[in-house]
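J.: the following comprises the amino acid sequence and a computationally predicted model.
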Amino acid sequence: MESHMDFYAAKAALDWLIELGADEAICDAPVNRYEAVATLPKPAVLQAGAEPAPKAAAAGAPIAVPDVDWVAVAAQAAASAQDLDGLRAAMAAFEGCELKRGARNLVFADGNPKARVMVIGEAPGREEDLEGKPFVGQAGHMLDKMFAAIGLGRSLEDAASIYVTNVMPWRPPQNREPKPQEIAMMLPFLKRHVELVNPDVVVLMGNISCQAVLGEKGITRLRGAWTKAFDTPALPMFHPAYLVRSPEFKREAWHDLLMVQAKLRETE
């Protein structure tokens, strides 16, 4: 009976402590927590060949994002394009190239897509970026004069027309050369572009075009000799902008234009 009374007395004392705000049980004597750490069990040694247990991410730690293979993404997007409108939409939706964020416009192409000659330039400049068309300004006027000399133009009918585009659809800042990784991720779109247009002849204007398509630079050495680009006869030529700055090379450009004219006659 006495122990029964002790229970109720103990319970009353506990209720009184709770009302006072005591919500934790403590020992009768203080505990040195620094000494207690030394008594904790040591972590198990990882045996050879065993897989370590995954670590929990620390609060606030950045989450690792896997690298994206943007070249593969571009190749898939380009392959899915069934026509030029679809290709343009795929390029506009592509987020892998940082040049897109600093450009005003996507510079896709100009001219007649049924043309027998497809001209591939390097990258848009300031005027191309503003207008959203390749080869405008002084370089564009020079290009038009060059092909008009052999009876071709981007505003003419199919047999006498040209179709122009660039390796890069967005302007690099300060007109710098595109970086190799930028070229690599846009190359699948260019390849699909050539496949959809299916020209008889491709003209590679300048070093960047040759580097992207042929894997070579040195336009002075490459120009004037036929090669293959995407299974299509291709001729490297001086870029019109270079001819504006160095008109003494127009003679070589005229020679190359006559080569284009002769090739077109062979394939009629």
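T.: Happy to help now that I have it. Residues are numbered from 1 along each chain as shown.

J.: next up, the contacts around the residue lying closest to Met142 once chain neighbours are set aside.
T.: Once flanking residues are discounted, Met142 sits nearest to Pro240: 3.8 Å by C-beta to C-beta, 6 or more residues apart in numbering. In this view, the C-beta of every residue, glycine as well, is placed from N, C-alpha and C. Going by C-beta atoms under 8 Å, 6 or more residues apart in numbering, Pro240 touches Phe135, Gln138, Ala139, Gly140, Met142, Leu143, Met146, Met205.

J.: how about those residues, which pair is most distant?
T.: Gln138 and Met205 (14.2 Å; C-beta to C-beta).

J.: who has more neighbours out of the two?
T.: Using other C-beta atoms under 10 Å as the criterion, Gln138 and Met205 rank with Met205 on top: 29 against 14.

J.: for the more buried one, give the beta-bridge partners.
T.: Applying DSSP bridges to Met205 yields these beta-bridge partners: Met237.

J.: wait, it touches Ala123, no?
T.: No. If you go by C-beta atoms under 8 Å, Met205 and Ala123 don't touch, sitting 11.1 Å apart.

J.: would you agree Val203 falls within a strand?
T.: Yes. Counting by DSSP: H, G, I helix; E, B strand; the rest coil, Val203 is part of a strand.

J.: any idea how far it lies from Leu264?
T.: 11 Å (C-beta to C-beta, to the nearest Å).

J.: find residues that contact each of those two.
T.: Val117.

J.: can you give me the end-to-end span of stretch 193-204?
T.: End-to-end distance for stretch 193-204, by C-alpha to C-alpha, to the nearest Å: 14 Å.

J.: in it, what's buried?
T.: For stretch 193-204, burial by neighbour count (16 or more other C-beta atoms under 10 Å) applies to His193, Val194, Val197, Pro199, Asp200, Val201, Val202, Val203, Leu204.

J.: okay, now the unreliable bits of the chain?
T.: 1-8, 17, 19-66 (pLDDT under 70).

J.: all strands of it, in order?
T.: 109-111, 117-121, 162-166, 201-205, 227-229, 232-237 (DSSP state E).

J.: excluding sequence neighbours, find me the nearest residue to Glu122.
T.: Nearest to Glu122 is Ile208, by C-beta to C-beta, 6+ apart, at 3.8 Å.
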